[in-house]
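1. everything below, folded, please.
(2 chains)
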2 protein chains.
Amino acid sequence: MSIAPFHPTPRTLMGPGPSDVHPQVLQALAKPTVGHLDPQFVAMMDEVKALIQYAFQTENPFTIAVSAPGSAGMETCFVNLVEPGDKVIVCRNGVFGERMRQNVVRVGGEAVVVDDAWGAPVSVDKVADALNRHPDAKFLAFVHAETSTGALSDAQALCALAQEHEVLSIVDAVTSLGGVELKVDEWGIDAIYSGSQKCLSCVPGLSPVSFSPRAVAKLEARQTPVPSWFLDQTLVMGYWAGTGKRSYHHTAPVNSLYALHESLRLLKEEGLENAWARHRAMHEKLKAGLDTLGLKFVVEEAHRLPQLNTVHIPEGIDDAAVRAALLNRFNLEIGAGLGDLAGKAWRIGLMGYAAREENVTLCLAALAQVMAEARR
Amino acid sequence: MSIAPFHPTPRTLMGPGPSDVHPQVLQALAKPTVGHLDPQFVAMMDEVKALIQYAFQTENPFTIAVSAPGSAGMETCFVNLVEPGDKVIVCRNGVFGERMRQNVVRVGGEAVVVDDAWGAPVSVDKVADALNRHPDAKFLAFVHAETSTGALSDAQALCALAQEHEVLSIVDAVTSLGGVELKVDEWGIDAIYSGSQKCLSCVPGLSPVSFSPRAVAKLEARQTPVPSWFLDQTLVMGYWAGTGKRSYHHTAPVNSLYALHESLRLLKEEGLENAWARHRAMHEKLKAGLDTLGLKFVVEEAHRLPQLNTVHIPEGIDDAAVRAALLNRFNLEIGAGLGDLAGKAWRIGLMGYAAREENVTLCLAALAQVMAEARR
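-> Numbers count the residues shown, from 1 in each chain, chains lettered A, B, ... in the order given. You can find the predicted model right below:
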């Protein structure tokens, strides 16, 4: 067995993530590795923390990057905050709401599921009703931007309900952060996680997380130890403390954090509002082209994510053949349907650095060619 | 707040890890990100799997890289294999044996601790005794190379005992893999984890893991669900299956896996036995110099790790001042003592790409200068 160095053919990444990584982020990634307790690295981690606070629009002191992908960020929230027996209202309108439910069950919590159709946003009315029916609930968990369907839910209204009923909110912002409006402090979000590989234009593998002081108080008042050692934030807090001596917990993924630093720096340089507007503008352009091609959106206009455009695959078109042609001839990746939408929809991402005019134009032109050929 | 791009001052990394990353590995890391389900990436993952099998010297079909650092690799073993009530003999001769014990407790297992002094190897006799006293034990867990002390334990003898008593062995090979002899199949190891950032010359953030068919059978026969969703290997197996369709579990850290691929490829190119011999040769050279400087090893000669040299800090020498001088004047990082050895020892790593003659010479010369100045 002889194995050659790997030289990937570059792709344009317009699926549900990972999305196109900014060239400066790849450069940052390859900078020389230094020790994870090196003073220069510790200072950089403080900047990463400040930049995540900016991206989330929060002043939460407990704001970190979990050293693992978004699913570990999700688990970080549930495993630290939800204790055995805690009741959690979980909103399920796609794959990731269901994953939240599984997290609740695995930590011994009781999940009360509020179901909405795939492609629909979370119903604020149904959640209000569930909160009324379950006055003993301790959490409300929902996905801000459902990556499996492209639906955006009203996080502000849902968090207002959570506050009214004095439950803590746990919000999945994996696909929303950097792509649409998100204001952690103003909306009163208690625990939030995201991923590096979507609208942040960074490589996959890290998960920004923030806990409000209320969430930290719940963690500190736990009656049982956090079941996971690796994700135990009472231990991790000492490492990300930001002041004074940093206590060793695990070896930080040094180079990935260089990349996250650069990607967040670029986001700050552009400005959050400008990034949101860019995603919106590119979405409008893509939408116009998809309309021309006769492709129909899965999600109603009012609830569509600009950064993730899910369209029905027309009758008679071979899903896999079209995606393979886009990939093999144009080096263009779009996403397949997931879960209930497998084989029935495409997910076209416009996330972070991928939300550029040349990408929209290439995608529409290539899709037009390939679909015309598929119909012949 | 304006944050500039981060340009780390390069260091020579001779601590307990992360160690010097091979330049080709950094280059591989920065290659263009592709989708985690892209056929070219899936093919590369198959190669990573084959290369981890080579490094571990195993044919275990269940051989993967966990998408998180070594501590998550440790947790992967315990959270999947140890069920509530399972009795685990845990050997503790440093920080990482204690961490194993904490993992056992958090998953609801019963830990029976076999203690040895910091700096000593795990006592095979004590383990034999513990196994005799606890015929209901289901696991034997120990650290092959204790990163906190620099002691090497006899993994072969310990695993032979485990097999004799029909318990499954769980082995921490974070610092041993690639640096000293390690033969998973020949020694009958059932579950093993390592880290990318030690003797593999790779960036931190990934954890190679392998389960024997016996360990997989234990996992498949579980009476309770794996408490962690992110680390549930019954789900991850579908992703790393290696044949046919790969089912989505989480987004793989694509670029970090490029780096691991290259680092393991370099290890295979050099040959495991040659890598072990190189670590041994560099250790001999370093040892001769440390002897000349009057520095005494914490670990007895027979049990010393060539890749991690722990020496007592001489009387009257200021630990922090010496390490700061090495770092600030020579850009050379050596490790502080950990746990019981904090402030009392230095840990000088010769791991992977760091185990080169120029590093040994620089370290000895710089240490001689700085110590002479500290004594003036």
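2. how about the strands in the stretch 151-300 of chain A?
-> Per DSSP state E, counting those that start in this stretch, the stretch 151-300 of chain A carries strands over the ranges A:151-152, A:168-172, A:191-193, A:207-211.
3. among the ones you listed, which comes closest to chain B?
-> Counting by Cβ to the nearest Cβ, chain B lies closest to strand A:207-211 out of those; the figure is 10.1 Å. (C-beta placed from N, C-alpha, C; glycine too.)
4. average pLDDT across that closest one?
-> Taken as a whole, strand A:207-211 has an average pLDDT of 98.
5. show me what contacts A:A65?
-> For A:A65, the contacting residues are A:48, A:52, A:196, A:206-209, A:257, A:260, taking Cβ atoms under 8 Å, 6 or more residues apart in numbering or on different chains as the criterion.
6. who's it bridged to?
-> Partner residues in beta bridges with A:A65: A:P208, with DSSP bridges as the criterion.
7. residues from the stretch 201-350 of chain A in reach of chain B?
-> Contact residues, the stretch 201-350 of chain A versus chain B (Cβ under 8 Å from any Cβ of the partner chain): A:203-205, A:225-230, A:248-256, A:258-259, A:261-262, A:265, A:268, A:327, A:333, A:338.
8. which residue packs closest to A:A128, ignoring adjacent ones?
-> Counting by Cβ to Cβ, 6 or more residues apart in numbering or on different chains, the nearest residue to A:A128 once its immediate chain neighbours are dropped is A:L161, at 5.6 Å.
9. and that neighbour, how close does it get to A:S123?
-> As judged by Cβ to Cβ, to the nearest Å, A:L161 and A:S123 stand 11 Å apart.
10. hang on, the earlier thing: what's the closest of the contacts of A:A65 to A:S67?
-> Top of the list for closeness to A:S67, among the contacts of A:A65 and by Cβ to Cβ, is A:L206 at 6.9 Å.
11. dihedrals phi and psi, the closest one?
-> The phi/psi pair for A:L206 (degrees, to the nearest 10) reads phi -130, psi 160.
12. give me the neighbour count for it.
-> Residues contacting A:L206 under the criterion other Cβ atoms under 10 Å in any protein chain shown number 32.
13. and for A:W240?
-> Summarising burial for A:W240: neighbours were counted as other Cβ under 10 Å, giving 19.
14. spatially, which residue comes closest to it, not counting chain neighbours?
-> Using Cβ to Cβ, 6+ apart and skipping residues adjacent in sequence, the residue nearest A:W240 is A:I64, 4.4 Å away.
15. ok, A:A155 next?
-> Among residues not flanking A:A155 along the chain, A:H144 sits closest, at 4.8 Å (Cβ to Cβ, 6+ apart).
16. wait, doesn't the one you found sit right on A:E181?
-> No: the pair A:H144 and A:E181 fails to qualify as a contact (Cβ atoms under 8 Å) at a distance of 10.0 Å.
17. who has more neighbours, those two?
-> Residue environment comparison for A:H144 versus A:E181 gives the larger neighbour count to A:H144, 29 against 15, counting by other Cβ under 10 Å.
18. just to revisit the earlier point, now the residue nearest to A:W240: how far from A:Y193?
-> A:I64 sits 10 Å away from A:Y193, taking Cβ to Cβ as the criterion.
19. can you check which residues contact both of those two?
-> Shared contacts of A:I64 and A:Y193 (Cβ under 8 Å, 6+ apart): A:208-209.
20. straight-line length of stretch A:72-88, end to end?
-> 19 Å (Cα to Cα, to the nearest Å).
21. nope, stretch A:348-362 is what I meant
-> When the termini of stretch A:348-362 are compared using Cα to Cα, they are 12 Å apart.
22. and it, average pLDDT?
-> 98.
23. residues in contact with it: which ones?
-> By Cβ under 8 Å, 6+ apart, the surrounding residues in contact with stretch A:348-362 are A:12-17, A:19-22, A:175, A:178-179, A:198-202, A:263, A:278-279, A:282-283, A:285-286, A:289-290, A:306-311, A:330, A:332, A:334-335, A:363.
24. can you list the buried residues in it?
-> Of all the residues in stretch A:348-362, those buried under the rule 16 or more other Cβ atoms under 10 Å in any protein chain shown are A:348-355, A:359-360, A:362.
25. repeat that for stretch A:72-92.
-> Taking 16+ other Cβ under 10 Å as the basis for neighbour counts, the residues of stretch A:72-92 that come out buried are A:72-83, A:86-92.
26. quick one: distance of that stretch to the chain centre.
-> Computed by Cα atoms, centre = their mean, to the nearest Å, the chain-centroid distance of stretch A:72-92 equals 17 Å.
27. alpha carbons of stretch A:136-149, as CSV, please.
-> Coordinates of each C-alpha in stretch A:136-149 appear next as CSV, following Å, rounded to 0.1, in the frame of the first residue of the first chain:
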residue,chain,number,x,y,z
ASP,A,136,-42.9,23.0,35.2
ALA,A,137,-40.8,23.2,32.0
LYS,A,138,-37.3,24.5,32.5
PHE,A,139,-36.1,25.1,29.0
LEU,A,140,-37.3,26.0,25.5
ALA,A,141,-35.1,24.6,22.8
PHE,A,142,-35.4,25.5,19.1
VAL,A,143,-33.4,25.9,15.9
HIS,A,144,-33.1,29.4,14.6
ALA,A,145,-32.2,28.5,11.0
GLU,A,146,-33.2,24.9,10.1
THR,A,147,-30.3,23.6,7.9
SER,A,148,-32.4,20.7,6.7
THR,A,149,-35.2,22.8,5.3
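28. that one - what's its average pLDDT?
-> Stretch A:136-149 comes out with an average pLDDT of 98.
29. same check on stretch A:14-33?
-> 98.
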